[in-house]
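S.K.: what's the 3D shape of this:
(one chain, ligands or ions: 1)
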Amino acid sequence: MFFSDTHAPYHHKDTIKFLKKVKEQFEPDRVIHGGDLLDVYSISQYPKDPSHPDTWTQEIKGARKFVKELSQVFPDLTILQSNHDDRVYRKAVLYGIPRDTILPYSELIGAPSTWKWVPSLNLTVDSDRSNWHFVHTITGGSLRSAKDKATNVCIGHLHTSFGAHSFHNGKKLVWGCDSGCLISDEGSPYKYNKISVGRPIRGCVMIINGTPNMVRM
Ligand SMILES: [Fe+2]
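M.R.: Numbering: from 1, shown residues only. Sure thing, here's the model as predicted:
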């Protein structure tokens with residue numbers, strides 16, 4: 001099971017309910033979060049909405065609540081490194097603060113010790129021995145990378161792209177898969193959703209016997 005871009009506390013209000021239902025229905029043996037677990041809006045280095053009501057204190061409180069709820073559904077979770085979850089550290093780098101002087105991210109957000117962060121993940125599906133590469137984002141997109149690497153590729157990051165495409169070169173079929181997101185239309189970071197032509201598509205991916213199944217929220 002792969003889902004991504006929750007951007008807590010600016011996640012969609014039905015996120016936990018949806019993920020819990022999918023988990024109960026499909027009983028996945030491995031669960032991966034594709035990154036952008038939290039948004040980290042209020043301390044990002046980018047210009048912010050001057051009317052944004054959340055301070056960092058409020059944002060992290062909401063984020064911790066989400067992490068607690070998510071960890072009750074998924075006590076074991078592998079999370080991919082991503083641009084938003086890295087915002088605290090990128091800001092530290094900007095001001096010359098070494099990473100090891102800062103509270104570990106898992107501690108900051110109240111994550112259980114069973115959650116693991118990795119830059120990317122390569123897995124083999126037991127049933128069909130197909131190989132999968134999971135990463136938050138990749139140059140050229142998922143299908144192009146799947147062709148180049150001759151392996152299946154599943155990514156997050158693209159909030160408005162939700163689907164799987166395959167390519168067969170005569171010997172092997174590969175999948176390129178975009179997992180959509182689970183963000184809200186409310187709150188400063190994403191209120192622009194409503195005026196964008198491409199709207200966020202919410203859902204997750206279930207890889208069953210090596211084939212991606214898109215589950216829309
Ligand atoms: Fe994202």
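S.K.: what sits against residue 138?
M.R.: 145, 153, 155 (Cβ atoms under 8 Å, 6 or more residues apart in numbering). Quick note: C-beta positions are derived from backbone N, CA and C, even for glycine.
S.K.: which single one of those residues is nearest to the ion?
M.R.: Checking the contacts of residue 138 against the ion by Cβ to the ion gives residue 155 as the nearest, at 10.8 Å.
S.K.: near the ion at all, the helix or strand of the chain with the lowest mean pLDDT?
M.R.: Using mean pLDDT, DSSP states H and E, helix 87-94 stands out as the lowest-scoring helix or strand of the chain, at a mean of 89. No: shown here: helix 87-94 not in contact with the ion (Cβ under 5 Å from the ion), separated by at least 11.3 Å.
S.K.: put the alpha carbons of that helix into PDB.
M.R.: Below are the C-alpha coordinates for helix 87-94, written out as PDB (Å, rounded to 0.1, in the frame of the first residue of the first chain):
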ATOM      1  CA  ARG A  87      12.000  22.200   5.300                       C
ATOM      2  CA  VAL A  88      13.200  22.500   8.900                       C
ATOM      3  CA  TYR A  89      16.600  21.100   7.900                       C
ATOM      4  CA  ARG A  90      16.900  23.200   4.700                       C
ATOM      5  CA  LYS A  91      16.300  26.300   6.700                       C
ATOM      6  CA  ALA A  92      18.900  25.200   9.200                       C
ATOM      7  CA  VAL A  93      21.400  24.700   6.400                       C
ATOM      8  CA  LEU A  94      20.600  28.200   5.200                       C
END
